[in-house]
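> Okay, sequence plus prediction incoming.
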Amino acid sequence: MEEVVKCVDLEKIKNHGMTLEEFGLISKCNGVFTEIFRPDENEKETQNKMMKYLSDYCLKKNTHNKITHNSTISQDDGSNSIPSEFKYENKYGIISHNQRNVECKKTFDLKVKECNLDLFRTSIYTSTRRENFFMITNTSRKILKQTGDGHFSPVAAYHKNSDSILILDSARFKYNSMWFDVDSVYEAFKVLDKATNLHRGFILASRYF
């Protein structure tokens, strides 16, 4: 199956692995729309800012003050802010653009979005109930009590009563498909990818029409 994927150097992936950004870019070169999500590194602070914003909003509304549509959450000195975009560096030459690939545009608008556990669970629920809409997780195997570390695998199903997801392991020679509780998978995102020094995460993908 790997042999049909365009704009990628398979040998270099075997040697260096693949990051979330590389997965997203390679997918786009193969006609797949992707959105990338990482856990919010400052989730508590973000939540506190949102609560303060909502509190101020309610206070102003009660005093009949107008709030414009472009109101934003106030920021501190910026030391805790997270970049909304990640500049990708093709350090190991993983991506090798193919001139004969008509779907390859060489440059794509790639943004990595922040998420929390609730958004992750909502994305699971949506992706497992729609056609042509898929979730791929990039977890640390160590947190899931498996051998190895970073790994990509698709999510096949969600079981509401146990709050668990069925992950189809893409390395079937090593592990069969297994059920994991949602909290554990989310925690497995938080182990840093040594290649980027950033959290792992998940990808939502669908075929372009």
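All right, it came through fine.
> ok, now which ones touch Phe152?
Applying CB atoms under 8 Å, 6 or more residues apart in numbering, we find Phe152 in contact with 18, 23, 136-138, 170. Any C-beta I mention is one placed from the backbone N, CA and C, and that applies to glycine too.
> measure it to Pro39 for me?
As for Phe152, its distance to Pro39 is 17 Å (criterion: CB to CB, to the nearest Å).
> what about the chain, any weak spots by pLDDT?
Low-confidence segments of the chain (pLDDT under 70): 1-3, 43-89, 91, 105, 108-109, 170-175, 208-209.
> pull the longest strand from this protein.
In the chain, taking DSSP state E as the definition, the longest strand is strand 150-159.
> List the buried residues of that strand.
Across strand 150-159, burial judged by 16 or more other CB atoms under 10 Å covers 150-155, 158.
> Kindly report the same for stretch 119-132.
Residues 120-121, 123-124, 127-128 are the ones in stretch 119-132 that count as buried (16+ other CB under 10 Å).
> Show me the contact partners of that stretch.
For stretch 119-132, contacts defined as CB under 8 Å, 6+ apart pick out 37, 115, 133-135, 155-158, 163, 165, 182, 185-186, 202, 204, 206-207.
> Could I get the contacting residues of Asn30?
5-7, 103.
> excluding its backbone neighbours, what's nearest Ser96?
Closest residue to Ser96 apart from its sequence neighbours, by CB to CB, 6 or more residues apart in numbering: Asp9 at 4.7 Å.
> again with Asp181
Using CB to CB, 6+ apart and skipping the chain neighbours, the partner closest in space to Asp181 is Ser164 (4.8 Å).
> Break down this structure into its strands, ranges please.
Using DSSP E, the strands of the chain run over 32-39, 112-115, 134-140, 150-159, 164-167, 178-181, 192-193, 198-199, 201-207.
> Provide a list of residues in contact with the closest residue to Ser27 other than its chain neighbours.
Spatial nearest neighbour of Ser27, chain neighbours left out: Thr34 (4.6 Å); criterion: CB to CB, 6+ apart. Under the criterion of CB under 8 Å, 6+ apart, the neighbours of Thr34 are 23-24, 27-28, 203-205.
> Next one: Thr34 from His151, what distance?
Remark: distance between Thr34 and His151 (CB to CB) = 18 Å.
> for Asn161, same thing?
26 Å.
> same deal with Ile94?
Relative to His151, Ile94 is positioned 16 Å away (CB to CB).
> Pull up the distance across stretch 181-200, start to finish.
Stretch 181-200 has an end-to-end distance of 17 Å (CA to CA, to the nearest Å).
> Could you do stretch 101-114 as well?
Note: stretch 101-114 ends 31 Å apart using CA to CA.
> Give me the distance from it to the chain's centre.
Its chain's C-alpha centre and that of stretch 101-114 lie 15 Å apart, by CA atoms, centre = their mean, to the nearest Å.
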